[in-house]
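Peer 1: Mind looking at a prediction? Sequence and model below.
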Amino acid sequence: MHTKRITPALIAAAAFTLAACASEDPTAPAGGSGDPGDKTVTIGTANFPESEIIGQIWAQALRDAGYDVDVKSGIGSREVYLSALQDGAIDVVPEYAGNLTQFFGDLEQGADEAKVRDALNDVLPDTLQAGEFSPAESKDAYRVTRETADEYKLSSIADLSKLDSVTIAAPPEFAERPYGPKGLTDVYGIDASTVSVTPISDGGGPLTVAALVQGTANVANIFTTSPALLDNGEEADLVILDDPEHLIPPQNVVPVVRAGELPDGALDVINNIDAKLTTQDLVDMNLRNVGKERAEPKQIAQEWMNAQ
């Protein structure tokens, strides 16, 4: 395995971001001692609702199994929460297989789930360990309005070449992701000079959707499991562009832990509950959280657990 550390600048940015969004410092050391007999687990989640929901499902499953659990929510982007994980502020975090693999190393174009698993094992730092892949998958996707799709006859990512300019509403880090602007050029031949990113930090939420609908952007990066909702709770009429060249790899939910630091049996509990999670579950739970119901992640997680 390779050892890759996040830069000090990113760790400093992580601390600033976390202090701004939480009453207690999520970068403080996790409650667990690293002793396999210790029953304390600190779960971290990223800065979008689905990650929080998954984290709360894990928390409930672990508590049911007799573990003490602390959840540090909304830590930030991948750079931020992986820094927190490697530095011991958290013990485990929900991740997405393909994106995690590409964060630490290279991934063969068009890789299937098995190849992603092999590649992840090769590139993951020795300090980290991945659990089992869940059947549930949440992929990045390129979306356009129905009006734009009809006007320019867009059905796949390759068709973005028909646009004079491609302005993508997306999280700031999307600009550097392999499936971002560089991927559009390398895989689909989109002229790089025509592509730009409008950074919006709401994880594909209403601000991103509004930018697309109002014309600030003509393309948006929104997860396949995320409902495309406007501020009023209504769903926008958007089209997900097909990805025939598999620019975006399999994105199974997977737990990532500090190697050797989780209490005995804790990862098995997480793996077992993840095995019951489906992509449709994620779609339904996300809608409950960001739609008109506005249910809290903890409530959504508890009710999903009760149904298992």
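Peer 2: Structure received.

Peer 1: Tell me where the model's unsure across the protein.
Peer 2: 1-37 (pLDDT under 70).

Peer 1: and it, what are its domains?
Peer 2: Domain assignment for the chain by automatic domain parsing gives 8-137+251-306, 142-240.

Peer 1: mind giving me CSV with those and columns for mean neighbour count?
Peer 2: Using the backbone N, CA and C atoms, a C-beta is placed for each residue, glycine as well. Shown next, in CSV, are the domains of the chain (neighbours: other CB atoms under 10 Å):
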stretch, mean neighbour count
domain 8-137+251-306, 19
domain 142-240, 18
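
Peer 1: Can you give me the distance of the residue nearest to residue 51 when sequence neighbours are not counted to residue 57?
Peer 2: Closest residue to residue 51 apart from its sequence neighbours, by CB to CB, 6 or more residues apart in numbering: residue 45 at 4.3 Å. Residue 45 sits 11 Å away from residue 57 when distances are taken as CB to CB, to the nearest Å.

Peer 1: could you pull out the helices for this protein?
Peer 2: For the chain, applying DSSP state H gives helices covering 8-21, 49-64, 78-86, 97-104, 113-123, 146-152, 181-188, 206-214, 266-274, 279-290, 297-306.

Peer 1: Just put these in TSV and tack on distance to residue 173.
Peer 2: Below are the helices of the chain laid out as TSV (distance: least, CB to CB, whole Å):
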stretch	distance to residue 173
helix 8-21	10
helix 49-64	14
helix 78-86	7
helix 97-104	10
helix 113-123	18
helix 146-152	25
helix 181-188	12
helix 206-214	14
helix 266-274	25
helix 279-290	20
helix 297-306	22
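
Peer 1: Can you tell me which of the ones you listed is nearest to residue 243?
Peer 2: Residue 243 lies closest to helix 181-188 among the helices of the chain, at 9.1 Å (CB to CB).

Peer 1: just checking, what packs against that closest one?
Peer 2: Applying 3 or more CB pairs under 8 Å, 6 or more residues apart in numbering; DSSP states H and E, one finds that helix 181-188 contacts strand 195-199.

Peer 1: just the angle between the strand it packs on and helix 181-188, please?
Peer 2: Counting by axes from the mean of the first three to the mean of the last three CA atoms, to 10 degrees, strand 195-199 points 140 degrees away from the direction of helix 181-188.

Peer 1: Check the gap between residue 264 and residue 38 for me.
Peer 2: Residue 264 sits 9 Å away from residue 38, taking CB to CB as the criterion.

Peer 1: so what's the closest residue to residue 46 other than its chain neighbours up against?
Peer 2: Distances taken as CB to CB, 6+ apart put residue 81 closest to residue 46, at 5.6 Å, once the chain neighbours are dropped. The contact partners of residue 81, taken as CB atoms under 8 Å, 6 or more residues apart in numbering, are 14, 44, 45, 46, 75, 90, 93.

Peer 1: which one of those sits closest to residue 151?
Peer 2: Distance to residue 151 across the contacts of residue 81 (CB to CB) is lowest for residue 46, with 34.7 Å.

Peer 1: quick one: which of the helices of the chain is nearest residue 225?
Peer 2: The minimum distance between residue 225 and the helices of the chain falls on helix 279-290, with 4.2 Å, by CB to CB.
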